[in-house]
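Asker: Sequence plus the predicted model coming up.
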Amino acid sequence: MAAPAPILSADDPSFADLLAARPHLSVHPFDGLMMEDVPLARVAAEVDTPSWVYSARAMRDAYRRFAAAFADAGLDASIHYAMKANDHLAVASLFAREGAGADVVSEGELLRALAAGIPAGRIVFSGVGKSVAALRLALGHGIMQLNVESAEELEIISAVAVEMGRTATIALRINPDVDAGTHAKITTGKAENKFGIPFADAAALYARAASLPGIDPAGIALHIGSQITALAPYRAAYARAAELVRHLRAQGLTVRRVDGGGGIGIAYRDELSITPAAFAGAVEATLGALGVPVMFEPGRSLVGPAGVLLASVVLTKPSGNHRFVILDAAMNDLVRPSMYDAWHGILPVAASAFHGPLAPADVVGPVCETGDTFTRGRELPPLGPGDRVVLLDTGAYGAVMSSTYNARPLAAEVMVDGSDYAVIRPRQAVEALWAHETVPGFVTG
Ligand SMILES: *Cc1c(COP(=O)(O)O)cnc(C)c1O
């Protein structure tokens, strides 16, 4: 097959634009690209590549901006960090220190949140297929709330709670049937998606929940998707939620809280995304009059912009009128470009490269799949073997989605705080890939 023609991306943001929007990154005249006060060239030299590098300051700032926006809007709001975006213990612990709760979607995430010091009383459990073992664990720890996604699940939770002599505090996750305007693989609030209870069935099921043994219905929950960059879908969904709460109250049912989910998008390229203040304003306008505490489950917006994937160029391969820049990072590390067609900013690390002449490059990994392409036709300076680059905004849905495809060990993870940095997970040893494999006697003979 002929190589695809390069897509010239003259409209891509410049290096200066990318840096201006990411205050935890800057270029030092000698040390090159810095995260906070740490040169990324130093991290690459000491930890090697590929490595995920996270800014603690960027995470704290994002959390505080979100919390302050709710406070400024006069809302009684709690924040439950969505562990699935980046479930590293250091990341979850950082948010625990800020007072966050957690949103978990599996037994493993629940145990991770607890291990990170997030109190059970601030943990919410979402997901369409919670196992009985996971429900037992959640009820045993007395977590804050189970978000129920179906009538069938409600009956199972009641039975498990009764058997354990516990009461399950639940919210019904409703599917408001709104189009979040995001990528089809991460929209969750349309009627055809697997998530939540159909809006039309919600009132009857809430009444059923109130009558079931072992169930304490606390409120309703919704989560309409991820990487949402407009307020209108939230306004529509929360207006429907408010309508449902009023209807439930008119039936004599009690609603003590509303969980608005997560999903606030970030500016990967130059998207105009939602500011925390605008979001809080929309929440106040739609849910404020209900007079109940509101809960939110942000993931991506708290950690996405804080992380980079630091990589080295293996070699540059000219191809017709363009070039392939082959990195030591690949789709097994960062799957978002191949899975969601995601655009990630790319910056060089060396100071001199910020002034180099730009020319289009297809940036790819070494994995044996054409889909192992981070970008095509990106304007980049000259890059040769050993030069470093970073893929931006990879703090969310980055390391957590990695695999070891092509027998590539999991990359190292690093956290930067001011002029300090720590390796928070060493690079996986290659032997670890097969350490738990056995070859049965009928194979060896
Ligand atoms: C994924 C998810 C979130 C977090 O979504 P972000 O887009 O990362 O903010 C929150 N709540 C639920 C139920 C989720 O499935």
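Answerer: Perfect, thanks for sending it.
Asker: Leaving out the residues flanking it, which one is nearest to whichever residue of the stretch 101-250 of the chain sits closest to the ligand?
Answerer: Proximity of the stretch 101-250 of the chain to the ligand (CB to the nearest ligand atom) peaks at Ser226, 3.2 Å away. (Each C-beta comes from the backbone N, C-alpha and C, glycine too.) Excluding the flanking residues, the one nearest Ser226 by CB to CB, 6 or more residues apart in numbering is Ile186, at 4.1 Å.
Asker: surely the one you found meets Gly225?
Answerer: Yes. Using CB atoms under 8 Å, Ile186 is in contact with Gly225, at 5.6 Å.
Asker: Of the two, give the one with the bigger neighbour count.
Answerer: Gly225 (26 against 17; other CB atoms under 10 Å).
Asker: Excluding covalently adjacent residues, which one is nearest to the more buried one?
Answerer: Ala180 (3.6 Å).
Asker: where's the one you found relative to Thr229, distance?
Answerer: Look at Ala180 and Thr229: by CB to CB, to the nearest Å, they are 9 Å apart.
Asker: Compare neighbour counts for those two and give me the winner.
Answerer: Counting neighbours by other CB under 10 Å for Ala180 and for Thr229 shows that Ala180 has the greater number, 27 against 18.
Asker: Does the more buried one fall in a helix, a strand, or a coil region?
Answerer: Under DSSP: H, G, I helix; E, B strand; the rest coil, the three-state class of Ala180 is coil.
Asker: That one contacts Arg235, doesn't it?
Answerer: No. Using CB under 8 Å, Ala180 makes no contact with Arg235, being 11.6 Å away.
Asker: What lies in contact with stretch 125-143?
Answerer: 103-107, 110-111, 114, 120-121, 123-124, 145-147, 149-150, 153, 156-157, 160-161, 164, 166, 168, 173, 194-195, 221, 223, 297 (CB atoms under 8 Å, 6 or more residues apart in numbering).
Asker: How about the residues of the stretch 101-250 of the chain by the ligand?
Answerer: Proximity of the stretch 101-250 of the chain to the ligand (CB under 6 Å from any ligand atom) is limited to residues Asp103, Val105, Ser126, His223, Ser226.
Asker: Keep only those of the residues you listed that are in strands.
Answerer: Asp103 (DSSP state E).
Asker: quick one: pLDDT of the residue nearest to Ser226?
Answerer: pLDDT, Ile186: 74.
Asker: ditto for Gly307
Answerer: With respect to pLDDT, Gly307 scores 98.
Asker: the helices in the stretch 301-445 of the chain, which residues?
Answerer: Taking DSSP state H, counting those that start in this stretch as the criterion, the stretch 301-445 of the chain carries its helices at 336-340, 441-444.
Asker: Ranking those helices by mean neighbour count, which comes first?
Answerer: helix 336-340 (a mean of 18; mean count of other CB atoms under 10 Å).
Asker: Any idea how far that one is from the middle of the chain?
Answerer: Remark: helix 336-340 is offset 14 Å from the chain centroid, using CA atoms, centre = their mean, to the nearest Å.
Asker: returning to that earlier point: got the contact list for the residue nearest to Ser226?
Answerer: Gly225, Ser226, Gln227, Tyr340.
Asker: just checking, which of those residues belong to helices?
Answerer: The helices, defined by DSSP state H, take in Tyr340 from these.
Asker: Could you provide the contacts of Ile186 in TSV, with additional columns for pLDDT?
Answerer: Shown next, in TSV, are the contacts of Ile186 (pLDDT from 0 to 100):
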residue	pLDDT
Gly225	93
Ser226	94
Gln227	95
Tyr340	91
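Asker: Kindly export the longest strand anywhere in the chain (C-alpha atoms) in CSV.
Answerer: Scanning the chain for the longest strand, with DSSP E as the assignment, gives strand 307-319. Taking Å, rounded to 0.1, in the frame of the first residue of the first chain, the C-alpha atoms of strand 307-319 are listed here in CSV:
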residue,chain,number,x,y,z
GLY,A,307,0.6,14.5,32.5
VAL,A,308,3.0,14.0,29.6
LEU,A,309,4.3,10.9,28.0
LEU,A,310,8.1,11.5,27.6
ALA,A,311,9.6,9.6,24.7
SER,A,312,12.8,9.3,22.7
VAL,A,313,13.2,9.3,18.9
VAL,A,314,14.5,5.9,17.8
LEU,A,315,15.1,7.1,14.2
THR,A,316,13.6,9.3,11.5
LYS,A,317,12.7,7.6,8.2
PRO,A,318,12.3,9.8,5.2
SER,A,319,9.4,8.7,3.0
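Asker: and that strand, what does it pack onto?
Answerer: helix 40-47, strand 51-55, strand 322-327, strand 388-391 (3 or more CB pairs under 8 Å, 6 or more residues apart in numbering; DSSP states H and E).
Asker: which one of the ones you listed has the lowest average pLDDT?
Answerer: Across these, strand 322-327 gives the lowest mean pLDDT, at a mean of 94.
Asker: Now that one: buried residues?
Answerer: Using 16 or more other CB atoms under 10 Å as the test for burial, strand 322-327 gives His322, Arg323, Phe324, Val325, Ile326, Leu327.
Asker: and these, which two are the farthest apart?
Answerer: Of all pairs drawn from these, the one with the longest distance (CB to CB) is His322 and Leu327, at 16.0 Å.
Asker: ok, then the element right after the strand or helix carrying Ala209?
Answerer: Element membership for Ala209 (DSSP states H and E) is helix 199-211. Counting by DSSP H and E, the next helix or strand C-terminal to helix 199-211 is strand 215-221.
Asker: How far off centre is the very next helix or strand once past that following strand?
Answerer: Remark: after strand 215-221, the chain's next helix or strand is helix 232-250, criterion DSSP H and E. Centroid separation between helix 232-250 and its chain, computed with CA atoms, centre = their mean, is 26 Å.
Asker: Give me the helices and strands touching helix 232-250, please.
Answerer: Looks like helix 232-250 contacts strand 168-175, helix 199-211, strand 215-221, helix 276-287 (3+ CB pairs under 8 Å, 6+ apart).
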